[in-house]
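Asker: Got a predicted structure plus its sequence, pasted below:
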Amino acid sequence: MKSVSKRILQLKQTKTRSSRIRNNTLRALKTAKLLRRKSTSAVNSIQRKVSKIHSELDEISSTLQHNLAQKESIQRLKIDAEQRLKQEKERKKQIEQEISSATDETKDQLQFTLDIISDQINEIRKEIKRRSSIAKKVDKIIEEYNTKNSRLSGQIKRALQSKSYLVKIMNKSKKNTAKLEKRLPSLIKTEKNIQKNFSRINSIIKEQTKRKEISQAKLRRIKSRKAAEAKRIQNLARKLVTQMLSEKRKASRKPKAKRKASRKPKAKRKASRKPKAKRKASRKRR
């Protein structure tokens, strides 16, 4: 019985330890799964965000290329206009020199040509001014898109760094999940085996208890029978003693009968008591 109690204590300690390990494993598994789910969701979210930023960057890059091409074209047209302006100015200067030495008839024609050149110079200047204004706007747009491009590129860089960190967490949690899921069945099996051992020992204890109860009941019956037998013997002894005493009394009473026969002289004494009777009668009369 002591060995069974010792075994039960050992099983209880083992069960407590196994339950604690299983509960810790379940909590760790739950945490690993949650971490894996969150990290996976975060990685997917970052991937969608990066894809969206890449799409924006593609649009920005396309718009930026268009603006750069526009700027280049404006600069080219501006340079061309400046060259034409220079040429027209030289031509105007040349005509002005010709006018100073020309006759009246030629002077009028040269003056007409000079007026046309002056108009062209003004138009070219207006064109250059317009081109410069457009170039400034384009430069501003290009600067804005470059800033936006840098900002989005920085977001992609940070997102990719976060993604790299989250991927590590995701892979680690995945490994931990697989490891814990692999370990959990053995812990459950160990706990079931402990429970089986408990059931078997409980069966042994019940059987031993049953045997003990049967043995105790048997002992009680034996004691009861012995007590009943002792009581019966005691009663028989009492009856025997009573019978012996009764017989002894009967035997002792036989001499008493002879004494009664010897008491005949006492009858005379009764007769001598008559005066007492007379005394009583006389007292009554009084």
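Answerer: Yep, it's here.
Asker: doesn't Ile60 make contact with Ser153?
Answerer: No - applying Cβ atoms under 8 Å, one finds Ser153 not in contact with Ile60, separated by 9.9 Å. To be clear about C-beta, it is placed using only N, CA and C from the backbone, and glycine gets the same treatment.
Asker: The helix or strand that Thr16 is a member of packs against which elements?
Answerer: Per DSSP states H and E, Thr16 falls inside helix 2-101. With contacts taken as 3 or more Cβ pairs under 8 Å, 6 or more residues apart in numbering; DSSP states H and E, helix 2-101 sits against helix 104-261.
Asker: now the angle from the helix it packs on to helix 2-101?
Answerer: Interaxial angle, helix 104-261 versus helix 2-101 (axes from the mean of the first three to the mean of the last three Cα atoms, to 10 degrees): 170 degrees.
Asker: helices or strands up against helix 104-261?
Answerer: helix 2-101.
Asker: Could you report the separation of Gln216 from Arg84?
Answerer: For Gln216, the distance to Arg84 (Cβ to Cβ, to the nearest Å) stands at 131 Å.
Asker: scratch that, Asn24
Answerer: Distance from Asn24 to Arg84, by Cβ to Cβ: 86 Å.
Asker: Same question for Val138.
Answerer: 22 Å.
Asker: who has more neighbours, these two?
Answerer: Val138 (20 against 16; other Cβ atoms under 10 Å).
Asker: quick one: that one and Leu64 touch, right?
Answerer: No - Val138 lies out of contact with Leu64 (Cβ under 8 Å); the separation is 10.5 Å.
Asker: who's more crowded, Ser153 and Ile60?
Answerer: Using other Cβ under 10 Å, the more surrounded residue of Ser153 and Ile60 is Ile60, with 18 against 13.
Asker: what residues are up against that one?
Answerer: 145, 148-149, 152 (Cβ atoms under 8 Å, 6 or more residues apart in numbering).
Asker: The same query, at a cut-off of 10 Å, please.
Answerer: Taking Cβ atoms under 10 Å, 6 or more residues apart in numbering, we find Ile60 in contact with 53, 144-146, 148-149, 152-153.
Asker: Check Glu123 too.
Answerer: 81, 84-85, 88.
Asker: follow-up on the earlier one: who wins for neighbours among the contacts of Ile60?
Answerer: Tyr145 (19 neighbours).
Asker: Find the nearest non-adjacent residue to it, please.
Answerer: Leu64 (4.6 Å; Cβ to Cβ, 6 or more residues apart in numbering).
Asker: Next up, the contacts around the one you found.
Answerer: 57, 141-142, 144-146, 148-149.
Asker: One more pass at 8 Å, please.
Answerer: Here Leu64 is in contact with 142, 145-146, 149 (criterion: Cβ under 8 Å, 6+ apart).
Asker: Out of the residues you listed, flag the one nearest to Lys107.
Answerer: Proximity to Lys107 was ranked across the contacts of Leu64 by Cβ to Cβ; first place goes to Ile142, at 50.4 Å.
Asker: Count the neighbours of Glu88 for me.
Answerer: Neighbours of Glu88 using other Cβ under 10 Å come to 20.
Asker: So for it, what pLDDT did the model give?
Answerer: On pLDDT, Glu88 comes in at 90.
Asker: Tell me where the model's unsure across the chain.
Answerer: Low-confidence segments of the chain, defined by pLDDT under 70: 1-4, 253-286.
Asker: could you redo the last one with a cut-off of 50?
Answerer: Scanning the chain for pLDDT under 50 picks out the ranges 257-258, 260-262, 264, 266-278, 280-282, 284-286.
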